[in-house]
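Visitor: Whatever this is, show me its structure:
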Amino acid sequence: RALIFPLLIRQGKPTPFFTFLLALLFCVYNGYLQGRSLTNYAKYHSGWLKDPRFITGLIGWLVGMAINIHSDHILRNLRKPGETGYKIPRGGMFEYVSGANFFGEILEWFGFALACYTFESLAFALCTLFVLGSRAKQHHQ
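Guide: A predicted model of the protein is given here:
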């Protein structure tokens, strides 16, 4: 998402460099933390890929990613070129929640946390919930 989404945006507001730098540092650190946790500390039994926690987590991650991608597509296509003003997104999960893109990403990372079953993945899922949950509330208002 951090690499693909910015390339798909048609025209957006410029992002302050400091905000970009903080986001980049967070993504790099989180990626390192998750990778190190999974490669050095996590221990899985031989049947882990058949374990209900892994299967449920994988399904949650896939469904969350699909919701996230579809919601971002809806948001990118809200306005025609040159059009301005606020528009309410319609379709997909936007019919059920006002922050469908945020909901999809939160579901993604809780699915990841369940599939990995590590403290680090749960910590990231909770951080995602608190950060994106507050953004979703602001967008809803």
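Visitor: mind showing which ranges of the chain have poor pLDDT?
Guide: For the chain, applying pLDDT under 70 flags the ranges 1-13.
Visitor: And the strands in it, which stretches?
Guide: Applying DSSP state E to the chain gives no strands.
Visitor: okay, which residue of it is out on the far edge from center?
Guide: Ser46 (29.2 Å; CA atoms, centre = their mean).
Visitor: quick one: that residue from Ile67, how far?
Guide: 32 Å (CB to CB, to the nearest Å). For the C-beta atoms, the positions are set from N, CA and C on the backbone; glycine is no exception.
Visitor: follow-up on the earlier one: now do the contacts for the residue farthest from the centre of the chain.
Guide: Applying CB atoms under 8 Å, 6 or more residues apart in numbering to Ser46 gives no contacts.
Visitor: from memory Ala115 sits against Leu58, does it?
Guide: Yes - the criterion here is CB atoms under 8 Å, and Ala115 meets it with Leu58 at 5.1 Å.
Visitor: who's more crowded, the two?
Guide: Ala115 (21 against 15; other CB atoms under 10 Å).
Visitor: what separates that one from Leu122, distance-wise?
Guide: When Ala115 is compared with Leu122 (using CB to CB), they lie 11 Å apart.
Visitor: got it, and Asp72?
Guide: Distance from Asp72 to Leu122, by CB to CB: 25 Å.
Visitor: So these two - more neighbours on which side?
Guide: Asp72 (19 against 16).
Visitor: how about the nearest residue to the more buried one, chain neighbours excluded?
Guide: Asn101 (5.6 Å; CB to CB, 6 or more residues apart in numbering).
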